[in-house]
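Q: Sharing a model prediction with you, sequence too.
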Amino acid sequence: MNLTLGQKLIRTKTAERHHDGEASGGGLQRSLGLFPLTMIGVGATIGTGIFFTMVEAVPKAGPAVILSFLLAALTAGLTALCYAELAGRVPAAGSSYSFAYATVGEFAAFIVAACLLLEYGLAGSAVAIGWSDYLNNFLVNAFGWEIPAHLRSPMFVSDHHNVHFNPGNFNLPPMLLVAMCCILLVRGTKESATANAVMVLVKLAILVFFAVIAFTGFDADNFTPFFNTDTTTGYAGMAGVTAAAGTVFFSFIGLDTIATAGEEVNNPRRNVPIGILTALLIVTVFYLMVAFAAMGAQPAHMFAGQEAGLSVILQNVTGQTWPALVLSAGAVVSVFSVTLVTIYGQTRILYAISRDGLIPKTFQKVNKRTLAPVSNTVIVCIVVGTVAGLVDATFLWDMVSMGTLTAFMVVSIAVPVIRAKQGPGEPGAFRVPFGPYLIPGLSVLACLYIMKDLSPATFRVFFIWIGVAVATYFLYSVRHSRLNKTN
């Protein structure tokens, strides 16, 4: 049957179609249980928003950054319920891309895929860049040796107006981190997930260690005034809280990462929803604990421009270097796990898009021995590593949040659509409470509320990226879609 262009744009894949016609190189292997799956979500989430983005968020919100984390967690929680239902109905690789393809159509799914690629790619680079600060802090405290400035500084640095070119600089540590992640990922999912679970447990222990020591220097006066009062920045009052929530929101990317693993999970209809909700609970508790301890131990004005901030806080509270040394070592391990899982999520999204014919077949080829998409992983790591080695992370955080918020809104919209198409679902399967409209609607509104205070530059770059995606779809994807062969 010949379809019109309009019909092609809105054609969908059923849940069953996500599993037929596996790539010629073989499909992904179901090797993940509930615990390693939950640790993938925690590993991609806890760490980044605490170790790095408080330096960006606290100057906007002041001590009220705690409300920013609560706002982000509430929004992520509403979306997590939507993810949990969709992941049970469409247990496939690709996360919100696959959900959109099963509900709102091929074109919308491809745009969501572009958002996810922006989200994961820039997140991987930004997190790897931040790793340099804690690695350098660890080396200074442990061995008295500092990485030369020109080997841990980006070549391209942006401020609010211009991009500055520094030809003598090159940020080597993030590139080494991405290379190590690449080596681990090409060995296979099960091995990578096990390593990630170990690193996550180390990370949680380190954050408890930070909170215990930071609370010994707790000063309630650091919470006064609670809101940012600087009217010259545009971040006074709740405006600063919302802007900071947009900055830290990207760190909830871990919820999406769990859903990207849907095709490699044992009993995905049960384990993926439970994994998403469990990870959200763990993440929210730890974020609030560490943020409250950090704000109590250090005045808000000291966060601006602070490198390896949590380590510095411990050093200032205790007057000794060993707590900072321990925390820096934990941060080095923690950020390794965040980078590893972020790159993993990127490769699985590309795998799903390629299997549908919307991008070249290279991204769907799976190694017969390791059952990992090796070429896909190498390409992603080259791109992520190059960006991390050359550019500044200053504006990457908000771009990642923009991609995450857009993907989260599509997931929320997909719930009533798939409920209408498939009915109530299997007995015992997770369903969003209070009907298909209330919580998804609140999720969309919460995402829009956070999105409105992102910078104009973020919106400009985002729309340019979407323009590139639209051009790619009409020039390549619509002609190569696998649905052309089945309709």
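A: Received it, and whenever you're ready, just let me know what you need. Numbering: from 1, shown residues only.
Q: Only C-alpha atoms from now on, for both contacts and neighbour counts.
A: Fine.
Q: Helix, strand or coil: sort out Ala429 for me.
A: What DSSP: H, G, I helix; E, B strand; the rest coil gives for Ala429 is coil.
Q: Return the distance of it relative to Pro154.
A: Distance of Ala429 to Pro154, given as Cα to Cα, to the nearest Å: 48 Å.
Q: And the two? Which one has more around it.
A: Remark: of Ala429 and Pro154, Pro154 carries more neighbours, 26 against 14, as counted by other Cα atoms under 10 Å.
Q: wait, is that one part of a strand?
A: No. Using three-state DSSP, the assignment for Pro154 is coil, not a strand.
Q: Give me the pLDDT for Ala261.
A: pLDDT, the model's per-residue confidence, is 66 for Ala261.
Q: Which of the three states applies to His164?
A: The local conformation at His164, judged by three-state DSSP, is strand.
Q: and the nearest residue to it once chain neighbours are set aside, what does it touch?
A: Nearest-residue entry for His164: Val157, 5.1 Å, with adjacent residues in sequence omitted and distances by Cα to Cα, 6 or more residues apart in numbering. The neighbours of Val157, taking Cα atoms under 8 Å, 6 or more residues apart in numbering as the test, are 163-166, 391-392.
Q: For Val157, give me the pLDDT.
A: pLDDT for Val157: 70.
Q: switch to numbering from 18
A: Sure, I'll start counting at 18 from here, so that last one is Val174.
Q: Surely Gly402 touches Pro190?
A: No. Judged on Cα atoms under 8 Å, Gly402 makes no contact with Pro190 at a distance of 9.7 Å.
Q: coming back round to it: part of a helix, is the residue nearest to His181?
A: No. According to three-state DSSP, Val174 belongs to no helix; its state is strand.
Q: thinking again about what came up before, so among the contacts of Val174, which ones count as buried?
A: Buried residues within the contacts of Val174, defined by neighbour count using 16 or more other Cα atoms under 10 Å: 408-409.
Q: pLDDT check: weakest of the contacts of Val174?
A: Of all these, the one the model is least sure of by pLDDT is Val180, with 64.
Q: follow-up on the earlier one: can you redo the contacts of Val174 as a markdown table with distance to Tyr368?
A: As requested, the contacts of Val174 are exported to a markdown table (distance: Cα to Cα, whole Å):
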| residue | distance to Tyr368 |
| --- | --- |
| Val180 | 34 |
| His181 | 36 |
| Phe182 | 35 |
| Asn183 | 36 |
| Val408 | 27 |
| Asp409 | 28 |
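Q: ok, so of the contacts of Val174, who is nearest Pro80?
A: Each of the contacts of Val174 was checked against Pro80 using Cα to Cα; the closest is Asp409, at 26.3 Å.
Q: So the closest one versus Leu342, what's the distance?
A: Using Cα to Cα, one obtains 25 Å as the distance from Asp409 to Leu342.
Q: Show me where the stretch 168-317 of the chain has its helices.
A: Using DSSP state H, counting those that start in this stretch, the helices of the stretch 168-317 of the chain run over 189-202, 206-231, 255-266, 270-277, 285-314.
Q: Nearest to Ser498, out of these?
A: Checking the helices of the stretch 168-317 of the chain against Ser498 by Cα to Cα gives helix 270-277 as the closest, at 20.5 Å.
Q: Run a quick neighbour tally on Ala253.
A: 17.
Q: In this protein, what helix or strand scores lowest on average pLDDT?
A: Sorted by mean pLDDT, DSSP states H and E, the helices and strands of the chain end with helix 65-68, the least confident at a mean of 65.
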